[in-house]
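S.K.: Sequence below, structure please.
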Amino acid sequence: MIGAQEQARTLRVSRMSSESTQPTLRPALDPESQAWLDRLRGEGRDREAALGELHELLTRAARFEVRRRVGAGSELDDLATQAADDALLAILAKLDSFRGHSRFTTWAYKFALLEAAVKMRRRPWHAREVVLEPERWPLLADGGLAPHAQVEQVELLAAVRRAIDEELTLHQREVLLAVALNGVPIDVLAERLGTTRGALYKTIHDARAKLRRRVRADGFSAGPDAEGEQQ
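M.R.: Residues are numbered from 1 along each chain as shown. Next up, the predicted model:
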């Protein structure tokens with residue numbers, strides 16, 4: 001009896017081990033999506049034709065997004081074309097990440113919408129200087145607060161300013177002030193500083209963590225700790 005139980009347990013373990021080592025299967029691609037991948041990974045005229053067709057699709061998508069936001073115009077058409085160019089490069093670099101959860105054209109369409117949205121956010125800043133120092137410090141209390149609350153708010157803002165000056169690195173201070181006080185879009189700042197959105201988000205997260213610790217040490221409430229906050 002014990003031997004039979006042991007054999008059954010061994011069989012179950014063997015089956016579980018076999019199942020856990022099997023590769024995760026991707027969903028089968030629809031014929032149209034598979035044809036797109038085959039042509040874009042191919043060579044010669046067929047690939048060139050596929051690139052042209054894909055670029056036309058991306059241009060239509062980008063133009064739709066641009067016009068949806070602000071209307072039409074030759075300048076905006078140029079912007080849509082630039083967005084399509086960048087989207088095409090991004091798609092070609094990420095072909096292997098396509099999993100087939102949607103049609104290839106639907107997946108590609110999203111790249112164009114994203115690039116168009118990024119370029120529209122950058123557009124108002126094209127000829128503007130990105131100010132890395134605060135244009136103004138918000139040191140005036142809200143006039144709608146009670147007198148004692150206004151005093152507390154002024155003291156808190158002064159404490160935050162001291163913490164920014166004394167705790168943050170130059171890079172952290174410039175990034176935080178540009179985004180939080182001067183309203184520079186993260187995409188624009190990343191382009192001007194020659195870095196990535198992810199790197200800037202990490203810089204802002206670390207800067208805010210430092211400020212929270214310093215402000216608490218000075219006796220002020222700075223809200224709950226961020227998850228994963230480290231010294």
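S.K.: Buried ones in the helix or strand where Phe64 lies, by neighbour count?
M.R.: Assigned by DSSP states H and E, Phe64 belongs to helix 44-70. Residues of helix 44-70 classed as buried: 50, 54-55, 57-59, 61-63, 65-66 (neighbour count, 16 or more other C-beta atoms under 10 Å). Yep, even glycine has a C-beta here, placed from its N, CA and C like the rest.
S.K.: Show me what it is packed up against.
M.R.: In terms of contacts (3 or more C-beta pairs under 8 Å, 6 or more residues apart in numbering; DSSP states H and E), helix 44-70 is packed against helix 31-40, helix 74-93, helix 104-122.
S.K.: Which stretch among these is buried most, on average?
M.R.: Neighbour counts (mean count of other C-beta atoms under 10 Å) averaged over each of those peak at helix 104-122, with a mean of 19.
S.K.: May I see the buried residues of the helix or strand that that one is followed by?
M.R.: Once helix 104-122 ends, the next helix or strand along the chain (criterion: DSSP H and E) is helix 147-167. Using 16+ other C-beta under 10 Å as the test for burial, helix 147-167 gives 153, 156, 159-160, 163-164, 167.
S.K.: ok, so of those, who is nearest Leu76?
M.R.: Taking C-beta to C-beta as the measure, Leu76 lies nearest Ile164 of the buried residues of helix 147-167, at 38.3 Å.
S.K.: Surely that closest one touches Lys210?
M.R.: No. Between Ile164 and Lys210 no contact is recorded; they are 9.1 Å apart, counting by C-beta atoms under 8 Å.
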